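Enquirer: give me coordinates for this.
(2 chains)
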Amino acid sequence: MTERTDSSPAKPEAQRSAQQRVSFSQRFWKIWDRGGIFIILGVFAIVLALLTPRFLTPQNLINLVRQVSVLTLMSMALLTVVITGNIDLTVGAFAGLIGALIAGFSIALGFFPALMLVALIAIFVGLTNGFLTTRGKNLSVIVTLAMMTIIQGVTLLYTESRPITGFSEAIVALGSGYIGPIPVPVIIAVLVALLIHFMLNHTRFGRELFAIGGNPEAARLSGIPVKLRIIHAFVISAMLSATAGIVLTGRVASAQPNAGVGDELDAVGAVLIGGASLSGGKGTVLGTLAGVLILGMISNGLNLLRINPFYQYVIKGLIILFAILMDQWERD
Amino acid sequence: MSNSSGGENHLYRLEMHSISKAFPGVQALDNVTFQLQPGEIHALLGENGAGKSTLIKIMSGAYPSDSGQIFLDGKPLAAYGPHQALQLGIVTIYQETNLAFDLSVAENIFMGRIPGTSRWRVNWKQLYSEAQALLAQLDAGFNAHDKVGSLSPAQRQMVEIAKALSTTAKVIVLDEPTASLTGREVTALFEVMTRLKSRGVSLILITHRLSEVFRICDRLTILRDGKWVNTAPVNEMDESRIVAQMVGRNLDDTPVNRRFQDGSVLLDVRGLCGHRFTDVSFEIHAGEIVGLFGLVGAGRTEVARAIFGAESISAGTLSINGKSLRPRSPQQAIDAGLALVPEDRKFQGLVLEMSVRQNIALPNLKRLSRLGILNPRAEDKLANDFKTMLDIRTPSIATRAQSLSGGNQQKIVMSKWLAKRPRVLILDEPTRGIDVAAKAEVHKLIHQLTDEGMGVLLISSELPEILAMSDRVLVMHEGRLVGELSREEASEEKIMSFTVGQTVADAAV
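Expert: Numbering: from 1, shown residues only, chains lettered A, B, ... in the order given. Reported below is the predicted structural model:
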């Protein structure tokens, strides 16, 4: 969370002498905890800028943030759930499904009825994920993994594994439009990020999510309806994934049957790199955005440097592993 | 204290010389010397945060010290880890036992050193017979085949001691071993400790109960704020001197003259049944402190949790302030005016990673927000008010609950519920594991609250606390209420006779 918690116990008289003896590793963790991720982001940017002059052009930067806007939406979805100590692996697949459904529905019914319909579907899927997850302990991984498979199957059945094209212009505007020099998907992603930031840090609901992730039993005994809140988090996640799906379809102007598949891992990576913990109770929007940008810069940088793009899978995997290990070491 | 190096001095089994240790923001130990004789029981005393745990952790190899030297039987030890400490014969038994609940007692005792006929095969017969022999030495009332998960906390402690005995332990550290034990179990534990001492084993006892120090310890060492204060034979000390040295000032713990008035019934419990308790009926009046006493496992905590909606109720009725209630969740109980300060503050009371402020705010978020949006100023004010009122010692309200001492953590839990202004406050072991000064403050606070008309249900395993605080005492045994005593009737003997299962009728004879 964004609140600065300091961990110095109540021993003011001993404080001064002790601070001089803080070891290197303690100092390292302090800096890491405060903003390690932003330092890494900065280093990445500097390295890329030095390696290729094309990186720091306005054109490329706008391109970069446009490319990561869908991942931003999915990461915000996932972050909401991860803070409660759960995980939602459906974010990628569900974005794919909604991308296909909004395309098909808008052809049949028009844009706004289609929008209503996919919103209802998102609520339903979120409720299902949340309801099943809260039937027991640590069920979210397996529940959402199964749901992910089901959702992928439904997408393939619905699209008959063919792309859908020729749908409403409104969707294309959401995915590929510009307001001034700024792409619409970027505006949507920024608005959603601001909204989630506000929700997590300034609302009762957000505080309750952190409490649930930090200590579910203490949260329950404090009168927080733990299961209901987790279900709410999953509904929010599904709604944001659906938004990501609509933007995704509009961006490529066609709904691909395998869109979004595998994107959940990038979202997990972004959220973890950004300082969230899979055990819950931790995570920030700002950190997650840095995580998203780091992942985006890897693809962008490899592309600019004309390196085989398949390296990005290896590099992203390594970075995600690194983030997980840092989280573990920090706890020791 | 003698500053001569203990290196050549074979008088001591273990000597920790001029140990210092700093953590970020705190000097946990400052030039502390601790000397342990062979075959003695040595009490290590101090308030929470005095440095006892740090000293023990350095002794057991869990932390390296920043400076200072450790000698075992006169020989200086190089830096060592937990595993080497065990091999050297330094065994620590922590409050929370480190046992595998799904394995048998024998497997736990010999964990990591399972006797075998070959590298791959376990000699089960030898394993169980050796374990059984150890248990016999301890007079333990359970079997080597029993699963540790099925044992009581006291019995689990016995398993830890058997584990210590199975190695060639020279030094055994017991960190608050009696906190969750009943009187009879404490006696059994003390007998075992005395027997170990007569065999030349040195024992270190960390406890907050001074009566235990006088009962069993030979010498004591007092720490305060990470500094050594005193080491002396127990028979040269008395309680008030010890407390004064621990706290650094004289403590006023004279019982308040309470002006309890027989108010209206706030909580009425009739024929309540649930998991591990049956047919429990009692009432609590406004301004009354009702003590609930019983041995560990008698069902006290279960009753409290059921009233609070944290566990299910199978039969019976409940009413608060005249309104009947069947709480299905703590949320409903809280809305009806109940609050529960749970037994386990770390796992049930606090979100440790959250700040003092956020923990206090947790049950009060509704009041601290408008249309779901939090008011940070109101939140700060609430936390600051309680920080002042309960004298929570924390550098700031933004400090993590995790980094505070047990007593201050308990004050946070009390704060979060008092801020809720409940009609009835249930306190489950509110002073367990907190130091004498904090304890006196908690007691004072309970009196203040009842003076303002709150009803209090006080659950405690400490008879003196129950006797000193309660207007009425309820006694539970095996899930049933077996006795009720007024303040005038209540005595240690009477309460204990109920706890071993005598009914009211038996007692009357």
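Enquirer: going by C-alpha atoms from here, please, whenever you check contacts or count neighbours.
Expert: OK.
Enquirer: and the stretch 151-300 of chain A, which of its residues are near chain B?
Expert: Counting by C-alpha under 8 Å from any C-alpha of the partner chain, the stretch 151-300 of chain A comes close to chain B at A:202-205, A:208, A:211, A:214-215, A:217-225, A:281.
Enquirer: which residues does the nearest residue to B:Ala162 once chain neighbours are set aside contact?
Expert: Nearest non-adjacent residue to B:Ala162, counting by C-alpha to C-alpha, 6 or more residues apart in numbering or on different chains: B:Leu134, 6.0 Å away. Contact analysis of B:Leu134 by C-alpha atoms under 8 Å, 6 or more residues apart in numbering or on different chains lists B:162, B:165-166.
Enquirer: let's see which of the residues you listed end up in helices.
Expert: Among the contacts of B:Leu134, the residues falling in helices (DSSP state H) are B:162, B:165-166.
Enquirer: wasn't A:Lys282 part of a helix?
Expert: No - the assignment for A:Lys282, made by DSSP: H, G, I helix; E, B strand; the rest coil, is coil rather than a helix.
Enquirer: list phi and psi for it.
Expert: A:Lys282 adopts backbone torsions of phi -140, psi 150, taken as degrees, to the nearest 10.
Enquirer: likewise for B:Asn364?
Expert: Dihedral angles of B:Asn364 (phi, psi; degrees, to the nearest 10) stand at phi -110, psi 20.
Enquirer: strands of the stretch 101-250 of chain B, residue ranges please.
Expert: Shown for the stretch 101-250 of chain B, the strands assigned by DSSP state E, counting those that start in this stretch span residues B:171-175, B:202-206, B:219-224, B:227-233.
Enquirer: out of those, nearest to B:Ala383?
Expert: Among the strands of the stretch 101-250 of chain B, the nearest to B:Ala383 by C-alpha to C-alpha is strand B:219-224 (27.5 Å).
Enquirer: look up how far B:Ala310 lies from the nearest residue to A:Gly130 once chain neighbours are set aside.
Expert: Distance criterion C-alpha to C-alpha, 6+ apart; nearest residue to A:Gly130, sequence neighbours excluded, is A:Ile231 at 4.0 Å. The gap separating A:Ile231 from B:Ala310 is 20 Å, by C-alpha to C-alpha, to the nearest Å.
Enquirer: my read: A:Leu240 touches A:Leu71, true?
Expert: No - using C-alpha atoms under 8 Å, A:Leu240 is not in contact with A:Leu71; the gap is 10.7 Å.
Enquirer: on that earlier part again, got TSV for the strands of the stretch 101-250 of chain B, with mean pLDDT too?
Expert: Supplementary listing: those in TSV, determined by pLDDT from 0 to 100:
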stretch	mean pLDDT
strand B:171-175	90
strand B:202-206	93
strand B:219-224	92
strand B:227-233	92
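Enquirer: closest to B:Gln331 out of the ones you listed?
Expert: strand B:171-175 (35.7 Å).
Enquirer: check which helices and strands that closest one sits against.
Expert: Strand B:171-175 sits against strand B:90-93, strand B:202-206, with contacts defined as 3 or more C-alpha pairs under 8 Å, 6 or more residues apart in numbering or on different chains; DSSP states H and E.
Enquirer: contact partners of the last one?
Expert: By C-alpha under 8 Å, 6+ apart, the residues outside strand B:202-206 that reach it are B:13, B:36-45, B:52, B:170-177, B:193, B:196-197, B:217.
Enquirer: for the residue of the stretch 151-300 of chain B found nearest chain A, give me phi and psi.
Expert: With C-alpha to the nearest C-alpha, the shortest gap between the stretch 151-300 of chain B and chain A falls at B:Asp225, namely 7.8 Å. The phi/psi pair for B:Asp225 (degrees, to the nearest 10) reads phi 50, psi 40.
Enquirer: grab the nearest non-local neighbour of it.
Expert: B:Ala50 (4.4 Å).
Enquirer: would you confirm that that neighbour belongs to a strand?
Expert: No - using three-state DSSP, the secondary structure at B:Ala50 is coil, not a strand.
Enquirer: for it, which residues are in contact?
Expert: So B:Ala50 contacts B:28, B:223-227 (C-alpha under 8 Å, 6+ apart).
Enquirer: what does A:Asn86 give?
Expert: A:138, A:140-141, A:213, A:278-280.
Enquirer: swap in B:Gly316?
Expert: Residues in contact with B:Gly316 (C-alpha under 8 Å, 6+ apart) are B:269-273, B:279.
Enquirer: tell me the one of those residues nearest B:Leu88?
Expert: Using C-alpha to C-alpha, B:Cys273 is the member of those that lies nearest B:Leu88, at 51.3 Å.
Enquirer: is that closest one in a helix, a strand, or coil?
Expert: Following three-state DSSP, B:Cys273 is assigned to strand.
Enquirer: just checking, it touches B:Ala315?
Expert: Yes - shown here, B:Cys273 and B:Ala315 form a contact pair, counting by C-alpha under 8 Å, at 5.0 Å.
Enquirer: so between those two, which is more surrounded?
Expert: Counted by other C-alpha atoms under 10 Å in any protein chain shown, B:Cys273 and B:Ala315 do not tie: B:Cys273 has more neighbours, with 21 against 14.
Enquirer: for A:Arg229, see how far away that one is.
Expert: 30 Å.
Enquirer: okay if I get the contacts of B:Gly316 as JSON lines plus pLDDT and distance to A:Leu145?
Expert: Shown next, in JSON lines, are the contacts of B:Gly316 (pLDDT from 0 to 100; distance: C-alpha to C-alpha, whole Å):
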{"residue": "B:Val269", "pLDDT": "94", "distance to A:Leu145": "46"}
{"residue": "B:Arg270", "pLDDT": "93", "distance to A:Leu145": "47"}
{"residue": "B:Gly271", "pLDDT": "92", "distance to A:Leu145": "46"}
{"residue": "B:Leu272", "pLDDT": "93", "distance to A:Leu145": "43"}
{"residue": "B:Cys273", "pLDDT": "93", "distance to A:Leu145": "41"}
{"residue": "B:Asp279", "pLDDT": "92", "distance to A:Leu145": "46"}
